[in-house]
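**Q** give me the fold of what follows.
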Amino acid sequence: MAKQESGATEREIESLMRLVHVIEAEHRARPTSALDLRARMLIQDLGLNGATPILAVRRRLRLTPSTMTSLADRLERDSYIERRAHPTDRRTVVLALTPEGERAFAAEKEFYRHLIDDSLKSLGDEARALVLSALGGMIPH
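**A** Numbers count the residues shown, from 1 in each chain. Below you'll find the model as predicted:
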């Protein structure tokens, strides 16, 4: 198979695309998932990183300032997040999960736990461990 500039083969690229589609389709099929993709990404980001300055979250999620503001306004109104003053810089706003946001983050983790279990159930223990190890090494923490 021909390699692309990134070093990934067409098959690898298409496999990743299919995986993303499966994850999104599974999210849409969840009867309890009232959150859109950007809202889930923000909740996941705060759940993984803790209370964070809004600018850092916006950069990590690659959102425009207006999209970030609208998203934060909506999630704050729906009691998933809260805005806080930065402990040392009064000009900086920090976003943090509320108890409702923590429940949403826990539900996201549970969703992914089931998705992984369902996706890897046909693999043996050794292959499953290899896939999970590779997933853990793909993204910097």
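**Q** tell me where this structure has strands.
**A** Taking DSSP state E as the criterion, the chain contains strands spanning 52-53, 81-85, 93-97.
**Q** deepest of those, which one?
**A** Mean neighbour count (mean count of other C-beta atoms under 10 Å) peaks for strand 93-97 among the strands of the chain, with a mean of 19. Every C-beta, even on glycine, is put in place using the N, C-alpha and C of the backbone.
**Q** helices and strands around the helix ranked longest in the chain, which ones?
**A** If you go by DSSP state H, the chain has its longest helix at helix 99-120. With contacts taken as 3 or more C-beta pairs under 8 Å, 6 or more residues apart in numbering; DSSP states H and E, helix 99-120 sits against helix 10-29, helix 37-49, helix 125-138.
**Q** in that helix, what counts as buried?
**A** For helix 99-120, the neighbour count (16 or more other C-beta atoms under 10 Å) marks 101, 104-105, 107-108, 111 as buried.
**Q** between that helix and strand 93-97, how big is the angle?
**A** Going by axes from the mean of the first three to the mean of the last three C-alpha atoms, to 10 degrees, helix 99-120 is angled at 60 degrees with respect to strand 93-97.
**Q** and stretch 100-107, how far out from the chain's middle?
**A** Mean C-alpha position of stretch 100-107 versus that of the full chain (C-alpha atoms, centre = their mean, to the nearest Å) differs by 12 Å.
**Q** heads up, I number from 9, so please use that
**A** Happy to do that; since the first residue is 9 now, the last one works out to stretch 108-115.
**Q** so for that stretch, what's the average pLDDT?
**A** Across stretch 108-115, the average pLDDT comes to 94.
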